[in-house]
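Q: kindly return the folded structure for what I paste below:
(one chain, ligands or ions: 1)
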Amino acid sequence: MKILIIGACGQIGTELTMRLRELYGNESVIAGDIREGSDELMNSGPFEILDAMDRDSIEDVCLHYEISEVYLMAAMLSATAEKYPKKAWNLNMDSLFHVLNLAREGKIEKIFWPSSIAVFGPTTPKENTPQQTIMEPSTVYGISKQTGERWCEYYHNKYGVDVRSIRYPGLISWKTLPGGGTTDYAVEIFHEALKNNHYDCFLSETTNLPMMFMEDAIKATVSIMQTKPENVKQRSSYNLAGMSFTPQEIATEIQTHLKDFTINYKPDFRQAIADSWPGSIDDSEARKDWSWNNDYDLKKMVIEMIDNLK
Ligand code: NAD
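A: Alright, predicted model coming up:
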């Protein structure tokens, strides 16, 4: 099996590439991105400069390496997408169609494409948001993810494409910085706490959002890709949950380790995005269909972040 990861140098792609190289061998996992990544990623296996908007280049790389699985991680994230709506739409949609069409034409066998909790909107039930529910996203990013989900399901039903997807919550990691999302505060807070003992948070103290430690997100991604096709019953995307917390709750938890840490709240344009998203997610379908379970809660995540960033 040969794997191509497009957008391999980003927050998720970096750790996903390293995990897949551990599992399947360095030479079997080709990292692709429009920019170079960390030394660890660049030196541990094949790398190609690759534009997710360029169908011909993706096809060339797939044929050259005899790729069977593509993980499409390139996208413009929620906060940046509000600044460049057309660019975000083009990148998020075109790249998905390129990969779906390669699978439809039989040139690759399996696709992983991440969706997001941004598919939900202000009219969605806020707590314990079910797998199937009202979805009226109010951000460019959310609209692109919801549309992407519809197309994934369509390509599966109509053309038999084996595409698998997860609605990631906000992801927290210490190896790579986040790339322009609304939940980035939950990573920045650790860097600032350790450097300056203080953080100015761009969300209000009571904004409750679904979050997940990167280890859990990578575990879920590997797990949904490894499970038998018949276990994947949702071909749009699966709800996935780890923990939910507010800026105030994470700050209090950090203070149990760093006593002098202080926080101020200065909500900016990202507050409106956060307000449109759920506070907690019901992921019982993923737990039932492919045995998903999370390992990290707020306490355990904060310890890991502080230990590793120190
Ligand atoms: P990121 O911004 O950190 O990384 C994206 C990577 O894609 C970057 O390395 C970037 O250089 C690359 N890229 C951008 N345009 C490209 C192009 N035209 N061709 C090739 N590569 C290109 O993003 P991430 O946080 O790693 O997110 C990966 C995926 O997961 C995205 O689809 C995102 O929407 C989704 N997601 C992320 C989160 C999160 O909290 N990080 C939450 C929900 C969903």
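Q: touching, Val302 and Ile254? I think so.
A: Yes. Val302 lies in contact with Ile254 (Cβ atoms under 8 Å); the separation is 6.1 Å. From N, CA and C alone the C-beta is placed, and that goes for glycine too.
Q: what about these two, which has more around it?
A: A count of neighbours by other Cβ atoms under 10 Å puts Val302 above the other of Val302 and Ile254, at 25 against 20.
Q: which other residues reach the helix or strand harbouring that one?
A: Using DSSP states H and E, Val302 sits in helix 298-309. Taking contacts as Cβ atoms under 8 Å, 6 or more residues apart in numbering, the residues outside helix 298-309 that touch it are 172, 174, 190-191, 193-194, 213, 215, 243, 245, 249-250, 253-254, 256-258, 296.
Q: quick one: contacts for Ser280?
A: Residues in contact with Ser280 (Cβ under 8 Å, 6+ apart) are Lys126, Glu127, Asn128, Thr129, Asn208, Pro210, Ala241, Ser244.
Q: which of those residues come close to the ligand?
A: Counting by Cβ under 6 Å from any ligand atom, nothing from those sits close to the ligand.
Q: out of those, who's nearest the ligand?
A: Taking Cβ to the nearest ligand atom as the measure, the ligand sits nearest to Pro210 out of the contacts of Ser280, at 9.7 Å.
Q: what residue in this protein is the furthest from its centre?
A: Asp260 (32.1 Å; Cα atoms, centre = their mean).
Q: could you look up the SS state of that residue?
A: Look at Asp260: counting by DSSP: H, G, I helix; E, B strand; the rest coil, its state is coil.
Q: that one touches Leu194, doesn't it?
A: No. Counting by Cβ under 8 Å, no contact exists between Asp260 and Leu194, whose distance comes to 11.5 Å.
Q: quick one: stretch 150-160 to chain centroid distance?
A: Distance of stretch 150-160 from its chain centroid, counting by Cα atoms, centre = their mean, to the nearest Å, is 21 Å.
Q: then stretch 135-144?
A: Put simply, stretch 135-144 sits 16 Å off its chain's centre (Cα atoms, centre = their mean).
Q: end to end, how far does that stretch reach?
A: Terminal residues of stretch 135-144 lie 12 Å apart, using Cα to Cα, to the nearest Å.
Q: check the gap between the residue lying closest to Met1 once chain neighbours are set aside and the ligand for me.
A: The spatially closest residue to Met1, leaving aside those adjacent along the chain, is Ser68, at 5.3 Å (Cβ to Cβ, 6 or more residues apart in numbering). Look at Ser68 and the ligand: by Cβ to the nearest ligand atom, to the nearest Å, they are 20 Å apart.
Q: can you pull the contacts of Leu203?
A: Thr182, Tyr185, Leu209, Pro247, Tyr265, Pro267, Arg270, Gln271, Ala274.
Q: measure it to the ligand for me?
A: When Leu203 is compared with the ligand (using Cβ to the nearest ligand atom), they lie 14 Å apart.
Q: ok, now how distant is that residue from Tyr185?
A: Distance of Leu203 to Tyr185, computed by Cβ to Cβ, to the nearest Å: 6 Å.
Q: which residues are in contact with both of the two?
A: Joint contacts of Leu203 and Tyr185 (Cβ under 8 Å, 6+ apart) are Pro247.
Q: any idea how far the helix or strand encompassing Ile111 is from the middle of the chain?
A: Assigned by DSSP H and E, Ile111 belongs to strand 110-112. Centroid separation for strand 110-112 versus its chain: 15 Å, with Cα atoms, centre = their mean.
Q: is there contact, residue-wise, from it to the ligand?
A: No. Using Cβ under 6 Å from any ligand atom, strand 110-112 stays clear of the ligand, with a minimum separation of 9.9 Å.
Q: elements contacting that strand?
A: Packed against strand 110-112 by the contact rule (3 or more Cβ pairs under 8 Å, 6 or more residues apart in numbering; DSSP states H and E) you find strand 69-72, helix 85-104, strand 162-164, helix 214-226.
Q: and the pLDDT for Gly179?
A: pLDDT recorded at Gly179 is 85.
Q: just the one 5 residues further on next, same as before
A: Predicted confidence (pLDDT) for Asp184: 96.
Q: again, but for the one 4 residues further on
A: We note a pLDDT of 97 for Glu188 in this prediction.
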